[in-house]
Every structure is written in structure tokens, then in C-alpha cells.
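Colleague: Got a sequence here, can you model it:
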Amino acid sequence: MFPASHKTVIVVDHSPYFGKSCGHKIEYDIISKSRSGVSNIPLDPFCKSLWTCAVEAAFEYCRIVYDIFSSDRLIRFIAADTEARLLNTWKKSDQKLSDLMQIFAELGPANPEGNDENCSILHGLAAAVEVLCECTEEQHRVRTSMTDVASKVSNKGRIICFTSVKNESHVEVLKKSVQDALTQHNKIAAGSDNLLLINHCELVVLHVHIPEDSSLSLSSKARQNVSSNLSFRLISVVSAQHLASHLCKLVQLHHDLVMTTITGIPMKEEQNSSSSANYDVELLHHKDGHKEVRKNTSQSPSSSGDAGHKLLSQEENNILLKWCSPRGMSNELLYCTGAYRISPVDVNSRPSLCLTNFLLNGRQVMLEQPRKPGAKVMSHMLTSHGGEIFIHCLSTSRSYLEDPPSISEGCGGRVTDYRITDFGEFMKDNRLAPFTITDDQEKEVPISKAKTQLERQTRHWPMVISDTIIFNMASHIDPIPTIISKLCLDEEDVTQCKKAIFHLVGIEAKGDPLPLPPGIRGKAPKKEEHYRQMWAELESLLKAYSSTSPEHKQVLDCLHDCKPLSNDCNAKKGSDKTTAKGTDKTSETEKAWKDLDKLQSMTHREKQDYLSSADSRTTEGAPPIKKLRISKDESRDRQKGGPVSLLSLWSSRIKAVNTMRHEEFAGRLEAVNNKTELYTHLKKDENGK
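Modeller: Numbering: from 1, shown residues only. Next up, the predicted model:
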């Protein structure tokens with residue numbers, strides 16, 4: 001929960017050795033040397049001490065951290081000579097550069113003529129481990145919050161030590177002393193309510209020495225793990241003037257920072273205000289500010305060419321962005337993916353001062369990626385908010401704030417093809433609400449119910465207007481789409497769905513065109529094609545929900561009873577009919593009747609297509625359609641040499657149905673030439689008289 005960068009302890013060696021001169025001369029009397037004359041005697045240059053160079057580098061480290069992370073990252077200072085001197089605390093009120101400068105001024109520089117017999121950096125390292133066990137204000141708040149994370153507060157830290165080691169054995173002594181201090185203070189913290197165990201500590205030792213001391217020359221060492229809770233790294237700095245650059249690299253490594261170099265900043269010359277020149281300014285910010293640029297650069301074909309080489313410099317954590325014409329604060333809405341505080345690398349340089357003052361005066365600057373000629377991609381923007389300067393990351397791809405392209409018109413077209421209104425209603429019907437967990441809650445979590453409902457309602461939901469017909473004629477098909485997506489249906493719901501299907505059959509029988517909006521795609525603009533697509537889509541919709549419950553299956557069966565089935569269903573039904581073929585005369589009559597129903601329900605165009613396909617099947621050698629077998633009684637109602645009449649089919653159907661339902665009248669069975677004599681018993685009585 002708390003990374004190692006949350007707590008940093010900087011230990012500075014205050015021994016007499018750090019009071020020595022670093023050897024780098026600084027000229028400050030430049031004006032006197034530029035004038036000619038005997039009376040002007042130039043002043044000698046001066047050299048900074050190792051103590052001054054170390055403190056300035058540590059302050060630069062703090063400045064960058066405070067600029068970018070405000071008070072989220074805490075830093076403590078300890079000066080070590082004959083004892084450890086704690087210069088500030090973990091309180092946020094003590095994390096100010098002005099207060100730290102005042103404290104160091106009161107402490108004073110290291111005395112090069114002092115006695116260094118009792119001076120040791122080990123005092124400062126032991127004190128650094130001790131203060132890492134102390135809770136910060138944020139750690140104390142979380143630890144006492146009485147929540148689930150209260151017991152999971154991690155305590156990690158980092159120690160940066162400015163000192164001068166004598167040899168390799170001295171380095172081992174430093175590592176062993178820190179390891180022993182960790183073990184000792186963790187035991188103390190385990191029995192205390194106010195201290196925290198140190199989970200891990202990173203020790204960074206900056207070995208600072210002057211070039212004249214060749215005996216103190218040691219090579220730098222990469223990070224290595226001393227134990228499970230201690231890692232070590234050694235950085236050797238020959239001249240103290242390079243300490244600031246080393247600390248700049250360390251702050252990037254410790255706090256996940258990257259560098260952005262702004263090139264081509266127009267600025268007037270300091271000595272000649274009539275002319276201007278272009279300058280560069282380096283800015284530090286969080287690494288997430290480069291995420292979009294690096295992703296686009298790695299995917300862009302030009303990243304392997306000159307443009308990609310210019311954008312990604314030799315340093316891995318540095319990109320180049322070009323200055324664009326500044327603009328005032330406007331109400332233009334830009335698609336920003338992130339905003340991060342910035343800190344100039346060289347805060348006291350004239351280009352950095354001019355840029356920061358320019359932005360703090362309410363101006364904003366657009367930054368573009370160097371691409372091929374003619375391509376201008378704005379990827380970042382610099383502006384200020386509340387006296388702090390931020391770099392805004394702008395999306396270089398299509399913005400979610402823009403209108404999406406129309407599928408029918410291609411990329412960049414106007415939005416006329418999406419079911420935006422229907423999707424808005426769909427979102428309203430599937431809104432989520434907060435849920436409070438109780439002891440007597442149901443077995444199924446509400447989020448699971450929501451996912452199940454969302455899956456059920458999107459089984460058939462076209463997103464584009466031109467991909468659907470039934471959803472464009474809601475007045476005729478309602479309420480099927482609403483009812484069929486329910487989990488359970490009652491008799492009333494099934495009845496309403498059947499009525500809607502019967503209504504569609506009725507408007508097709510009348511020959512009315514479907515009420516479709518313009519632009520609906522189809523194989524042909526004919527209404528027959530529209531009806532075919534409508535029935536096919538309606539069948540797909542009902543099939544998607546047919547397995548939900550038996551009532552859903554009833555709605556699909558109603559559609560199959562009213563209209564022909566799909567090819568798969570026809571093939572399956574055809575195989576069933578082939579198996580039962582020839583069983584009895586009634587089944588053949590039923591088949592002929594259904595074929596007649598199919599033919600009568602067809603439109604004129606479909607009849608022509610059906611008859612022409614039947615003729616083509618016959619001419620190609622396919623087995624001809626077998627004629628319906630008829631009885632002698634049916635033959636008298638059939639024209640000689642002609643097809644079966646409707647009356648014959650109807651009579652045969654009625655006869656077959658009635659035969660199955662009741663026993664035939666005895667008089668009709670005994671009739672001769674369809675005539676029977678009634679009341680025969682009465683005639684016998686008369687003769688008997």
C-alpha cells in the first residue's frame with residue numbers, strides 16, 4: 001500500500017573530509033575581466049566544498065519530489081559527524097525547502113580542520129533505520145482506520161547516504177551495520193504499538209571524493225540484495241560537481257519519472273532584444289505522461305525511421321516534443337487522458353524561468369510530435385492550474401467525445417446508422433444501483449443477476465439500423481422484443497406475441513409494404529425480399545430465446561405454424577417425412593394439403609420462382625414429384641387429365657379427419673349405389689298383418 005518512495009532518509013556526512021574543496025573552480029567576477037584597464041583587478045575564482053555540493057544535490061532531489069508529488073512523498077535529513085543530527089520529522093509541515101535551508105544554515109558547513117577521529121557515518125545510518133520505523137501521518141491514519149487494510153500497512157523505505165568510503169571492506173562494514181540495525185529495530189517495533197516493522201529497505205551509498213584522492217577510487221556497483229529486507233547500491237562520484245546529475249537520474253529511478261525535452265522555444269536574446277533564438281527546456285514528470293506517445297510510436301511505421309529516432313532520444317526515459325504557437329485560455333474542450341505536475345531539470349536557467357513565467361501568466365502551449373513533413377500531431381499541452389504547472393496528455397487517436405463514424409458511410413461519416421435512441425433506452429433499462437451487503441442476503445450476488453440479465457437481453461440486438469428490419473417496424477412487431485427477453489412468460493404474454501405474429505401474416509396477405517426507413521439494405525428493393533428478411537430475422541430472434549422456457553418455445557412454434565421454417569428445419573422435417581413415407585394414405589394427403597397451403601400463401605413472384613425451380617429440377621434429371629393417389633370416389637370430382645381440385649383435397653381431408661373421430665353410420669355402410677332404404681322394420685310389420 002505504501003511504496004518505498006513514500007519514505008526517504010538522506011544522510012549527509014558532516015565530517016571534516018566533506019569540508020574539503022571539490023576542486024572545481026567557479027568564475028564569478030566576469031564583468032571585471034571583460035573590461036580593459038589597469039585599475040580593474042579581477043577576483044580569483046572559488047571552489048565549493050564537498051559538503052556544499054552534497055547539500056545542493058540533495059536539495060535538487062527534494063525540489064523535484066516536492067514539485068511533482070506535493071506532500072505525498074516524505075523526505076528526512078540526517079547529518080552525521082560525532083553523532084546523528086535529526087534535522088526534520090515526517091510531518092508534512094516540515095517538508096519545505098525554505099525551512100530545510102534555514103536548518104542547514106544554522107547547522108553550518110563541515111569544518112575541514114576539525115578532528116575526525118570520532119566522526120563516523122555509522123551514526124547517521126543507525127539513526128536512519130530508527131526513523132524508518134516511525135509512522136508517518138498517512139500510515140497512522142490508515143493503521144487506525146479500523147478497516148480491512150489497517151492490518152496490511154506495509155513499511156518500506158530508502159536511505160540515500162552521501163559519504164566517502166575508504167575501501168571495499170569499508171563498504172561491507174556499512175552494509176553489515178545497516179543489516180544489524182534493521183534486525184535490532186524490528187525486534188523493538190514488534191513489541192511496540194507506535195512503531196512499524198521495516199518490510200524492506202534500500203540503501204544507496206554515493207561515494208564522493210576529489211580527483212586527487214586516487215586511493216579512494218572505487219567502481220560503482222549495481223543494485224544487489226543483501227538479505228530479504230535489505231538491498232544495496234554503490235555509486236562512485238569522482239568530482240562533486242557531477243552530484244546533481246547523478247541525483248537527477250536517481251530521482252527518476254526512485255519515483256518513476258521521465259523527461260520531456262521541449263525543443264524550438266522562441267526566446268529573445270538577453271543581450272540583443274531585437275533578435276530571437278530557439279532554446280530547449282527539459283521537464284520531469286510522471287512516466288504515465290509518455291504512455292500514449294510510446295504506444296503510438298511503437299505501432300507507427302515511421303518509428304523505425306528518422307521521425308521515430310527524433311521522437312525517442314538516446315535516453316530511454318526522454319522524448320522530444322516541438323513547441324507550437326501558444327494560445328490564451330479558451331473554452332475549447334480537449335480530449336485529455338491525463339494531467340501530471342512538472343518540474344524543470346535546470347530550474348535556475350533563463351529558458352526555464354521564461355517558460356514557467358509564461359505559463360503561470362495564464363497561457364497554454366501545445367506540443368507536437370516530430371513526424372514526417374505535413375503531419376502535425378498534437379500530443380501534449382502545458383498549462384497552469386492554481387499556481388502549479390501541469391503537462392496534459394492529449395489522445396492522438398479518435399476521441400470518445402467525438403461522434404463515432406457511420407458504418408454505412410465509412411470512417412469519418414456522420415452518425416445516421418446507429419440505433420442511438422434504442423441504445424439509450426437499453427441503458428436506462430439496465431442501470432445499476434448500490435447494494436448493501438447484509439447477513440440475510442440472497443445466495444446469488446446482484447452483480448451476477450445483472451450480468452445474466454444483460455446477456456439475455458443482448459442475445460439478438462443489432463447495433464446498426466441497416467442490419468435489422470424488425471426493430472425498424474416497432475409499431476407492427478411490438479410487444480415481441482420486450483416480452484420475449486423476459487425470464488418467464490405467462491399465458492397473456494404468449495397470447496400477445498401470437499397476436500403480433502398473426503398481424504404480420506395479415507399485412508403480408510394484404511400485400512402492404514413494410515414500413516421501413518430509407519437506406520435499408522437488401523438483395524432487392526422488392527417488398528417480397530423485405531418480407532423474407534423480416535421472417536428470417538424474426539425467427540432468429542425467437543430461436544435465441546426458445547430455450548429459456550416452454551412458453552418461449554410456444555411462440556417459436558406459432559411462427560413455424562404460420563410461416564415456412566428455415567432451411568435447417570425444412571431439412572430435418574423432410575428427413576422425418578421420408579422415414580414415415582408410405583405408411584398410409586392419410587399421411588400423403590396431409591403432405592399434399594400442406595404443400596397446397598404453402599403454395600396458396602406465396603405471393604405471385606414467389607409462385608413463379610417456385611414453379612420455375614420445380615421445372616428445372618425435373619429437366620435436370622431429378623425425380624419428378626409424385627402425384628397424389630386418389631380413390632375412385634375422388635376421381636369423379638377430378639377433371640380428366642388435370643390436377644387435383646381444391647374440392648377433392650378438401651373432401652379427402654374432411655373424410656380422413658371424420659373417419660378418425662367417429663364410427664361410420666351403419667346405414668351408409670350398407671347402402672347400395674349410395675342409396676339405403678329407411679324404416680325397413682315398419683314394412684315388415686305391415687306384411688305380417
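
Colleague: rest of the way, CA atoms for contacts and neighbours
Modeller: Will do.

Colleague: so what's V208 up against?
Modeller: Residues counted as contacts of V208 (CA atoms under 8 Å, 6 or more residues apart in numbering) are L50, F162, T163, S164, S236, V237, V238, S239, A240.

Colleague: So which of the residues you listed are in strands?
Modeller: Residues of these located in strands (DSSP state E): F162, T163, S236, V237.

Colleague: mean confidence score for the helix or strand A128 falls within?
Modeller: Taking DSSP states H and E as the criterion, A128 maps to helix 122-132. Computed over helix 122-132, the mean pLDDT rounds to 93.

Colleague: Now do that helix: distance to the chain's middle.
Modeller: 44 Å (CA atoms, centre = their mean, to the nearest Å).

Colleague: again with stretch 232-239
Modeller: Using CA atoms, centre = their mean, the offset of stretch 232-239 from its chain centre is 42 Å.

Colleague: hmm, who's touching it?
Modeller: Here stretch 232-239 makes contact (CA under 8 Å, 6+ apart) with 22-24, 175, 202-211, 217-226, 243.

Colleague: what's the answer for stretch 57-70, then?
Modeller: 10, 73, 75, 95, 97, 243-244, 247-248, 251, 255, 284-286, 340-344.

Colleague: With stretch 13-33 instead?
Modeller: For stretch 13-33, the surrounding residues in contact (CA under 8 Å, 6+ apart) are 40-51, 53, 79-82, 109-116, 119-121, 161-163, 209-211, 239-241.

Colleague: quick one: which of those residues sit in helices?
Modeller: Using DSSP state H, the subset of those located in helices is L50, W51, C53.

Colleague: filter those residues to the buried ones?
Modeller: L50, W51, C53 (16 or more other CA atoms under 10 Å).

Colleague: Is it possible to get a markdown table of the residues you listed that adds distance to N278 and pLDDT?
Modeller: As requested, these are arranged in a markdown table below (distance: CA to CA, whole Å; pLDDT from 0 to 100):
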| residue | distance to N278 | pLDDT |
| --- | --- | --- |
| L50 | 35 | 88 |
| W51 | 36 | 89 |
| C53 | 31 | 89 |
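
Colleague: and of those residues, the nearest to S5?
Modeller: Using CA to CA, C53 is the member of these that lies nearest S5, at 23.3 Å.

Colleague: Distance check, that closest one against I469.
Modeller: Note on C53: its distance to I469, by CA to CA, to the nearest Å, is 78 Å.

Colleague: and if you look at R158?
Modeller: Applying CA to CA to R158 and I469 gives a distance of 66 Å.

Colleague: and what of I198?
Modeller: 67 Å.

Colleague: again, but for L321
Modeller: For L321 relative to I469 (CA to CA), the value is 51 Å.

Colleague: residues in contact with T261?
Modeller: Neighbour list for T261: D280, V281, E282, L283, N318, I319, L320, L321 [criterion: CA under 8 Å, 6+ apart].

Colleague: Would you check that the third one makes contact with M259?
Modeller: Yes - under the criterion of CA atoms under 8 Å, E282 is in contact with M259, at a separation of 6.6 Å.

Colleague: and the two? which has more neighbours close in?
Modeller: Remark: of E282 and M259, M259 carries more neighbours, 24 against 20, as counted by other CA atoms under 10 Å.

Colleague: Could you look up the SS state of that one?
Modeller: Under DSSP: H, G, I helix; E, B strand; the rest coil, M259 falls in the strand class.

Colleague: pull the longest helix from this protein.
Modeller: Longest helix in the chain, counting by DSSP H: helix 168-190.

Colleague: distance between that helix and the chain's centre?
Modeller: Taking mean C-alpha positions (CA atoms, centre = their mean), helix 168-190 and its chain are 45 Å apart.

Colleague: Starting from M381, give me the distance back to the spatially most central residue of the chain.
Modeller: Centroid check for the chain by CA atoms, centre = their mean gives T337 as the closest residue, at 11.8 Å. T337 is 11 Å from M381, where distance means CA to CA.

Colleague: shared neighbours, the two?
Modeller: H392, C393, L394.

Colleague: now, among those, which is nearest to F502?
Modeller: Among the shared contacts of T337 and M381, and counting by CA to CA, the member closest to F502 is L394, at 55.7 Å.

Colleague: check contacts around that closest one.
Modeller: Counted by CA under 8 Å, 6+ apart, L394 has contacts L334, Y335, C336, T337, G338, M378, S379, H380, M381.

Colleague: again, but for R294
Modeller: Contacts of R294 by CA under 8 Å, 6+ apart: none found.

Colleague: the inter-axis angle of the helix holding A128 versus helix 168-190?
Modeller: Helix 122-132 and helix 168-190 are oriented at 30 degrees to each other (axes from the mean of the first three to the mean of the last three CA atoms, to 10 degrees).

Colleague: which residues make contact with helix 122-132 from outside it?
Modeller: With CA under 8 Å, 6+ apart as the test, helix 122-132 has contacts from 7, 9, 11-12, 78-85, 155-157, 159, 161, 174, 177-178, 181-182, 185, 198.

Colleague: ditto for stretch 243-255
Modeller: In contact with stretch 243-255 (CA under 8 Å, 6+ apart) are residues 5, 53-54, 56-58, 60-61, 64-65, 237, 257-258, 286, 345.

Colleague: about what we covered before: could you dump the ones in strands among the contacts of V208 to TSV with neighbour count, distance to L504 and pLDDT?
Modeller: Below are those laid out as TSV (neighbours: other CA atoms under 10 Å; distance: CA to CA, whole Å; pLDDT from 0 to 100):
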residue	neighbour count	distance to L504	pLDDT
F162	27	87	93
T163	24	90	91
S236	20	87	89
V237	21	87	86
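
Colleague: Mind putting the residues you listed into a markdown table with distance to M366?
Modeller: Formatted as a markdown table, these follow (distance: CA to CA, whole Å):
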| residue | distance to M366 |
| --- | --- |
| F162 | 40 |
| T163 | 44 |
| S236 | 40 |
| V237 | 39 |
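
Colleague: Show me which of the residues you listed is closest to E539.
Modeller: Distances from E539 to these, taken by CA to CA, are shortest for S236, at 77.7 Å.

Colleague: measure the closest residue to that closest one other than its chain neighbours to V171 for me?
Modeller: Of all residues not flanking S236 in the chain, H207 sits nearest, at 4.7 Å (CA to CA, 6 or more residues apart in numbering). From H207 across to V171, the span is 10 Å (CA to CA).

Colleague: joint contacts of these two?
Modeller: Taking CA under 8 Å, 6+ apart as the criterion, H207 and V171 both touch V165.

Colleague: more neighbours, these two?
Modeller: Comparing H207 with V171 by other CA under 10 Å, the one with more neighbours is H207, at 23 against 15.

Colleague: Could you pull out the buried residues of stretch 239-256?
Modeller: In terms of neighbour count (16+ other CA under 10 Å), stretch 239-256 has its buried residues at S239, A240, Q241, L243, A244, H246, L247, C248, L250, V251, Q252, H255.

Colleague: Now, these that are in helices?
Modeller: L243, A244, H246, L247, C248, L250, V251, Q252, H255.

Colleague: Go through the residues you listed and name the one nearest N658.
Modeller: H255 (92.3 Å).

Colleague: how many neighbours does D288 have?
Modeller: 16.

Colleague: Name the SS class of it, please.
Modeller: helix.
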